[in-house]
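J.: A predicted structure for the sequence below; I have some questions about it.
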Amino acid sequence: MTAADRIDRPFAKLLVANHDGVISQLPRAALSSLFQPGDLVVANEAATLPASLQGVHRPTGEPIEARLAGWLSFRDPTRFVAVVFGAGDYRMTTEDRAPPAPLAAGDRLEFGPLIASVEGLLNHPRLVHISFAGHPASVMSGLVRHGRPIQYAHIPEPLRLWDVWTKIAADPIAFEAPSAGFALDWRTLKGWRERGVGFATLSHAAGLSSTGDAALDRRLPFDEFYRISEACASAIEGAKSRSGRVIAIGTSVVRALESAGTDGTVRAGEGRASGRIARGARLRVVGAILTGVHQPGESHYELLRAFADDKVLDRVRAAVEERGYRAHEFGDSLLIERQAA
Amino acid sequence: MLNNINLKRMRIAVTGGTSGLGSALVRNLAASRARVAFVARRAQLVELVSRETNACGIVGDVGIKEDIHAMALEIGWNLGGLDVLVNNASSLGPTPLKLLADTECEELHEALVVNVLGPFRLTKALFGALAASARDGRGGMINISSDAAVSAYPGWGAYGAAKAALSHMTAIWAEEARDEGVRFLSLDPGDMDTPLHALAVPDADPATLKRPEDAAQEIVASMLGALREYAPLELARRP
């Protein structure tokens, strides 16, 4: 059983804010009955890497944890952006984690079988470029064996890869789970197919959702690579030509599609999404988003402001609090339709 | 378009890729310039077959739960996705073969873990990748079965029961996954001159047995047939 499939999952909740700002609530199992024939659901097929590495800062001998947070070169496992913590692990909240020993370019880091070095710091004592020694395939093999999924303190037992892969996970490029996708199962996709609701996937290398450091969190999300297949791009064209809506499963899908579709047409290929989507951003592709429950200030929440105004989002927050929605990555879901202009 | 489905660049993973039929499959597919990853337990043999074929070798045990997602991840990363998975690794259960009444529960359990639960876990971990491939017009899954799944051969209880379970699971999965576009095949390669067969029937005359290279060729042909059968449906469905 995966963390997303725990005993309470069949009772997961779904709050819908429609394009007029009207709020309704459903069991999440009703997701397969939503949307119209001709609409297209787009999800992130990224599978999650075991991106947390415990190791040693060789110059001082101090223990460290590196959380891989982004590719420097897409799919090259020898170079990453990483956030580094001092001693401790996920059982301590990131806010309480000590900084690492002072890092400098050239410092040797050892993570089990892997040897890495600091390429340089990125204007913050925790944020670095690191590179791993070795052939890419053997580095990946070492990561898979030594790394653990990035995890936060609210779940006590250690997560395994099967906990952080969604059912549609295909492309192992994400650093944290594209968690809105935990709401999907094959039964739901079957329900959509039978009703003429389309389904397509892209892969987007979702990065860290939080670092526990206010200055770093303001810089989130970091740049994220994505790939959109021909099949996905043509499904979006098809939906648009039928005046169907595009429903994004998660903020990563919104970032990829709006980055690839700046002129309204989504082109197939690889790209890099940068910057925040927030209030005032004009959405050219996506008409609705399924997401988790987030807090104001988090980049995920700010992105919702591109879909709905604060009056609606305040009502959403009040309803979510009143009915005890679970906010973590395996929690309940929100569906926010883009408000009519 | 129909004949455009060929092996070149197709992304294929084979379990049990260092011995018998698995090794023959890896060699056949690599020679046809497919992109091949294979999994096997012994690092030295993995290294050897990998060097000989240029296929990507992954060390792992289908019978160990903790290995499954690691191998799925390495397969996906090395091949950049997956078009076909061949669950070939299997276990005879107790050797020399035993009558069921002499078979320990643990021996049956081991046969079920390697022959049924392992393929189920790996297929489930890679189903997202296979469905993604199917949305691009490919996507298939082959489970290697045996006539022992159908005929009741005395002494083959653990293996036969496990292969029967795998065959039936494949048939159900084929029904359920059809609309996702993922093809499921259960193929019986016949009695081959392999280490597994030698363990089961030590005094068999190799001259009476099929060469694993010939069985591999037949399996590749069946696989391409199944994928081609799917292609026109997909093309017709596209707007």
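T.: Right, received. Where do you want to start?
J.: Residue numbers of chain A in contact with chain B?
T.: Applying Cβ under 8 Å from any Cβ of the partner chain, one finds that chain A approaches chain B through A:45, A:47, A:49, A:75, A:77, A:137, A:140-141, A:144-145, A:160-162, A:165-172, A:186, A:189-190, A:193, A:200-201, A:229-232, A:234, A:238. C-beta here means a position set from N, CA and C on the backbone, and glycine is covered the same way.
J.: So among these, which ones count as buried?
T.: A:45, A:47, A:49, A:75, A:77, A:137, A:140-141, A:144, A:160-162, A:165-172, A:186, A:189, A:200-201, A:229, A:231-232, A:238 (16 or more other Cβ atoms under 10 Å in any protein chain shown).
J.: if we can go back for a sec, looking at the residues of chain A next to chain B, which are in strands?
T.: A:47, A:171-172, A:200-201 (DSSP state E).
J.: Looking at these, which is nearest chain B?
T.: Distance to chain B, by Cβ to the nearest Cβ, is smallest for residue A:172 among those, at 4.7 Å.
J.: Sketch out the strands for the stretch 201-341 of chain A, chain order is fine.
T.: A:224-228, A:246-249, A:269-273, A:288-291, A:333-337 (DSSP state E, counting those that start in this stretch).
J.: Kindly report the residues of chain B close to chain A.
T.: Near chain A, when you scan chain B using Cβ under 8 Å from any Cβ, you find B:56, B:58, B:66, B:68-70, B:72-74, B:76-78, B:80-82, B:125, B:127-129, B:131-132, B:135-137, B:176, B:179-180, B:238-239.
J.: Go again with 6 Å.
T.: B:69-70, B:73-74, B:76-77, B:128-129, B:132, B:135-136, B:239 (Cβ under 6 Å from any Cβ of the partner chain).
J.: Filter these down to the buried ones and hand me the PyMOL line.
T.: A single PyMOL command is used to select the members of the residues of chain B next to chain A judged buried by 16+ other Cβ under 10 Å:
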select buried, chain B and resi 69+70+73+74+76+77+128+129+132+135
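J.: can you redo the residues of chain B next to chain A as CSV with pLDDT?
T.: Converted to CSV, the residues of chain B next to chain A look like this (pLDDT from 0 to 100):
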residue, pLDDT
B:69, 98
B:70, 97
B:73, 98
B:74, 98
B:76, 97
B:77, 97
B:128, 97
B:129, 97
B:132, 95
B:135, 89
B:136, 83
B:239, 36
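J.: what is residue A:82 paired to in the beta sheet?
T.: residue A:68, residue A:128 (DSSP bridges).
J.: got the contact list for it?
T.: Residues in contact with residue A:82, defined by Cβ atoms under 6 Å, 6 or more residues apart in numbering or on different chains, are A:66, A:68-69, A:128, A:130.
J.: List buried residues within those.
T.: A:66, A:68-69, A:128, A:130.
J.: from those, which is closest to residue A:266?
T.: residue A:69 (25.9 Å; Cβ to Cβ).
J.: Would you mind confirming that the closest one makes contact with residue A:207?
T.: Yes. Using Cβ atoms under 6 Å, residue A:69 makes contact with residue A:207 at a distance of 5.0 Å.
J.: Mutual contacts of the two, please.
T.: Common neighbours of residue A:69 and residue A:207 (Cβ under 6 Å, 6+ apart) are A:175, A:222.
J.: picking that back up, nearest to residue A:24, out of the strands of the stretch 201-341 of chain A?
T.: strand A:333-337 (9.5 Å).
J.: contacting residues for the residue nearest to the spatial centre of chain B?
T.: For chain B, the residue sitting closest to the mean C-alpha position, by Cα atoms, centre = their mean, is residue B:87 at 2.3 Å. Residue B:87 makes contact with B:15, B:119, B:143, according to Cβ under 6 Å, 6+ apart.
J.: Any of the residues you listed buried? List them.
T.: Among the contacts of residue B:87, those classed as buried by 16+ other Cβ under 10 Å are B:15, B:119, B:143.
J.: What about the residues you listed, which are in strands?
T.: B:15, B:143.
J.: now residue B:69: how far from residue B:124?
T.: According to Cβ to Cβ, to the nearest Å, residue B:69 stands 10 Å off from residue B:124.
J.: no wait, residue B:92
T.: From residue B:92 over to residue B:124 (counting by Cβ to Cβ), the distance is 24 Å.
J.: higher neighbour count, those two?
T.: residue B:92 (21 against 16; other Cβ atoms under 10 Å in any protein chain shown).
J.: Where does the prediction get shaky in chain B?
T.: B:1-5, B:230-239 (pLDDT under 70).
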